[in-house]
Structure formats: structure tokens, C-alpha cells
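**Q** Kindly generate the corresponding structure for this input.
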Amino acid sequence: MLAGAFIVLLSSCNPAGSSSVTEPADACPLLLLRSIFLQNLPLQQAQERTFRSDMTSLVLGYGAYLEGLEFSHNKIYLVTKNDTRIIYDDGKQKEFEDKLQNPDLKDMLSLPYSLGKIAASIPENHDPGRFRVLPLIESVYGATEKEVKANLVRVNFCGKSVLFNSQNSAAKAL
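**A** Numbers count the residues shown, from 1 in each chain. Here you go, the predicted structure:
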């Protein structure tokens, strides 16, 4: 159980374009990750191991878009730079379909991507990446049609020019 409330925020990391940056922008995710590991978390050992692993994945994947963590009312929230608070674990036991319809961050990361060669037979409902937490996706890639369109760039994909989102180096990855 989480007692009380405390926040781990990266107040010294300002958004790009700010004239008062006190840390390099790429150092901000590392500061968040360091604070997660140095923080005395009010979690049981097994929960803490999963939480730290999940937060490492989120910081490595989306760190430039994250502001910090908030621990409040027995819940953990990931806070994005646009001040969206996303619950880490809603505490509900969910079946696959429930996770598709209403995932939290823990659900999103519950099915690991397999490294190496893809197996000939994949178990039913083992579909990493299907549990999408829209507030996180929208914070990174755009929440409205206008925001998404503003982030589109032309890239060559399989010999064709297509529009793809530039945020989070998505277009560069193609």
C-alpha cells in the first residue's frame, strides 16, 4: 500500500525551446530513471521488481515525453510533459479482452516482446503491443487530428513515399 502522497518530478528539465533549461534534454529521462531506482518505493518486493522493470521500459521508450511519477491515494501515476496523469496499475484483474478495452500501463507492458527468431507457433492472445494506453500515445504522437497532422513527415517505406509521425523518432525508425 502507498501511504501519503509524494511526487518525483523533473522540475529542472524544461521542454525544448525553453530558455531556462538547467539540464540537457536527453538527461531528463536518465534523471527520472535514477530517481525511480533511488526512491524508497512503498511496494512489496515482487511489485517493486515489476514496477521498476516497467518504468525502465517506459523511460527508455518515451523518456523525452515524461515529467515524473506521482504516488497518491494508493496509486502510482506516470506524469507526461503535457501534465497528463496515467495510472500505472488500476488494481483490477483483467482478461485479455478487458485489457484491450481498458488497459493501464502495467497491462500495456504485461506481454513481453520475444527476442530473436519468431516461433512457428505463437500462443493464443500473446500479442505484445495490443494493449494501448491512449493517453500515453496521445501525449507522444498527438491527441487531435490537427496535432497528429502537424507531426507528419514524408518517408520512403518499401519504395513508396508515405506520411509518418516524426515524434519519438518514429519516422527515422523506418
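**Q** who are the neighbours in contact with the residue most central in space within the chain?
**A** Residue closest to the mean C-alpha point of the chain, counted by Cα atoms, centre = their mean, is Leu58 at 4.0 Å. Contact analysis of Leu58 by Cβ atoms under 8 Å, 6 or more residues apart in numbering lists Leu66, Leu78, Leu105, Leu109. Where C-beta positions appear, they are placed from N, C-alpha and C, glycine not excepted.
**Q** so what are the domain limits for the chain?
**A** 6-115+126-141, 142-174 (automatic domain parsing).
**Q** most neighbours per residue, which of these?
**A** Mean neighbour counts were compared across the domains of the chain using mean count of other Cβ atoms under 10 Å; the top stretch is domain 6-115+126-141, at a mean of 15.
**Q** And the contacts of whichever strand or helix holds Ile76?
**A** Here Ile76 sits within strand 75-80, counting by DSSP states H and E. The contact list for strand 75-80, computed with Cβ under 8 Å, 6+ apart, reads 2, 7, 9, 51, 55, 58, 65-71, 85-90, 105, 135-136, 139-140.
**Q** The contacts of Leu58 in helices, which ones?
**A** Under the assignment DSSP state H, the contacts of Leu58 contribute Leu105 to helices.
**Q** what's the closest of the contacts of Leu58 to Val153?
**A** Taking Cβ to Cβ as the measure, Val153 sits nearest to Leu66 out of those, at 23.0 Å.
**Q** In which helix or strand does the residue nearest to the centre of the chain reside?
**A** helix 45-62.
**Q** Just want the angle from that helix to strand 75-80.
**A** Counting by axes from the mean of the first three to the mean of the last three Cα atoms, to 10 degrees, helix 45-62 lies at 10 degrees to strand 75-80.
**Q** Distance of Lys106 relative to Ala64?
**A** Lys106 sits 22 Å away from Ala64, going by Cβ to Cβ, to the nearest Å.
**Q** brain fart, Leu78
**A** 14 Å.
**Q** Next: Leu134.
**A** For Leu134, the distance to Ala64 (Cβ to Cβ) stands at 19 Å.
**Q** low-confidence ranges in this structure?
**A** 1-46 (pLDDT under 70).
**Q** mind listing the strands for it?
**A** Taking DSSP state E as the criterion, the chain carries its strands at 6-9, 66-72, 75-80, 85-87, 152-157, 160-165.
**Q** Give the pairing partners of the fifth one; include direction for each.
**A** Strand partners for strand 152-157, identified by DSSP bridges, are recorded as strand 160-165 (antiparallel).
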